[in-house]
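Asks: Got a predicted model here, sequence first, then my questions.
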Amino acid sequence: MQVTKVDPRILRTRKLLMDAFIKVIQKKEFKDITIKDITDEATVNRATFYSHFQDKYDLMDAAITEDILESILKHLNHYDKLNEETIVKIFFTLTKFHTKKCTEYSSQCRRSYGSFYSIIEQKIKKELGELLYSLFLKQQPNLDLEALKIGANMLSWGIYGASVDWEKNSTLSAEQYIKKALPFIVTEINNFKG
């Protein structure tokens with residue numbers, strides 16, 4: 001199978017459009033952003049925009065996946081075993097994401113970020129679920145695949161939910177929070193293993 005090499009100019013232009021989108025979302029709410037706003041910021045024409053993306057929703061999806069989500073996933077994809085250490089590292093990766101998300105955007109970030117936060121959350125939980133499923137599959141290959149998938153999804157939502165709870169409701173440090181939560185998570189993982 002031959003691998004097709006993508007022209008670096010195409011990659012640069014795509015990145016330029018995504019960066020322009022991130023800059024524009026700092027100034028305007030997503031619903032108010034036009035293609036012209038993005039192309040003006042990127043200094044490209046509409047035809048160039050449409051040769052890379054179908055619309056602003058497609059661009060938003062790419063920006064979330066390629067910019068935000070990939071920065072999280074690069075920290076998660078090197079685990080080969082599901083244990084306490086892995087759970088703690090996943091939790092810390094998510095808490096870093098929560099604390100960092102607004103520093104990467106402007107002072108209007110809360111309003112703009114809210115426009116696509118649910119999409120980011122959905123993608124993170126999906127990717128985290130797939131990671132945990134692959135770890136469960138490595139450790140328990142003889143268990144029912146549907147049970148492994150359900151367990152992985154429940155755990156991914158639980159860890160993600162804990163990171164959101166830590167950000168919004170807790171006065172504890174991330175280290176203190178996960179230390180208190182870990183016995184419950186590990187008990188459930190150990191029960192799942194049988």
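Replies: Everything's here; your move.
Asks: What segments of the chain are helices?
Replies: Assigned by DSSP state H, the chain shows helices spanning 8-27, 35-42, 46-52, 56-63, 70-76, 84-100, 109-139, 145-169, 174-193.
Asks: would you list the ones you listed in a markdown table and tack on mean neighbour count and mean pLDDT?
Replies: For every residue, glycine as well, the C-beta is placed using N, CA and C. Shown next, in a markdown table, are the helices of the chain (neighbours: other CB atoms under 10 Å; pLDDT from 0 to 100):
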| stretch | mean neighbour count | mean pLDDT |
| --- | --- | --- |
| helix 8-27 | 16 | 89 |
| helix 35-42 | 16 | 96 |
| helix 46-52 | 14 | 96 |
| helix 56-63 | 18 | 86 |
| helix 70-76 | 15 | 69 |
| helix 84-100 | 17 | 84 |
| helix 109-139 | 17 | 77 |
| helix 145-169 | 16 | 91 |
| helix 174-193 | 14 | 81 |
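Asks: Without its sequence neighbours, what residue ends up closest to Ile119?
Replies: Nearest non-adjacent residue to Ile119, counting by CB to CB, 6 or more residues apart in numbering: Ile64, 5.9 Å away.
Asks: where's that neighbour relative to Ile87, distance?
Replies: The gap separating Ile64 from Ile87 is 25 Å, by CB to CB, to the nearest Å.
Asks: separation between the residue nearest to Ile119 and Glu127?
Replies: Applying CB to CB to Ile64 and Glu127 gives a distance of 11 Å.
Asks: same question, Thr95
Replies: 17 Å.
Asks: do the same with Glu175
Replies: Counting by CB to CB, the gap from Glu175 to Glu127 is 24 Å.
Asks: Could you do Ser163 as well?
Replies: The value you get for Ser163 to Glu127, if CB to CB is used, is 14 Å.
Asks: again with Gly151
Replies: Taking CB to CB, one finds Gly151 at 16 Å from Glu127.
Asks: Same check on Asp40?
Replies: 33 Å.
Asks: could you list every residue that touches Ala181?
Replies: 91, 162 (CB atoms under 8 Å, 6 or more residues apart in numbering).
Asks: could you redo the last one with a cut-off of 7 Å?
Replies: Ala162 (CB atoms under 7 Å, 6 or more residues apart in numbering).
Asks: ok, it to Leu135 distance?
Replies: Counting by CB to CB, the gap from Ala181 to Leu135 is 19 Å.
Asks: Same question for Ala62.
Replies: For Ala62, the distance to Leu135 - CB to CB - is 27 Å.
Asks: what are the C-alpha coordinates of stretch 22-41, in CSV please?
Replies: This file holds the C-alpha atoms of stretch 22-41, laid out as CSV (Å, rounded to 0.1, in the frame of the first residue of the first chain):
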residue,chain,number,x,y,z
ILE,A,22,-9.1,30.3,17.1
LYS,A,23,-8.3,34.1,16.9
VAL,A,24,-11.7,35.0,15.7
ILE,A,25,-13.5,32.9,18.3
GLN,A,26,-11.7,35.0,20.9
LYS,A,27,-13.4,38.1,19.5
LYS,A,28,-16.9,36.9,18.6
GLU,A,29,-19.3,34.2,19.6
PHE,A,30,-19.4,31.2,17.3
LYS,A,31,-22.9,32.0,16.0
ASP,A,32,-21.8,35.5,14.9
ILE,A,33,-18.6,34.3,13.0
THR,A,34,-18.8,34.5,9.2
ILE,A,35,-16.5,32.8,6.7
LYS,A,36,-15.4,36.3,5.7
ASP,A,37,-14.2,36.9,9.3
ILE,A,38,-12.1,33.7,9.1
THR,A,39,-10.7,34.3,5.6
ASP,A,40,-9.9,38.0,6.5
GLU,A,41,-8.0,36.8,9.6
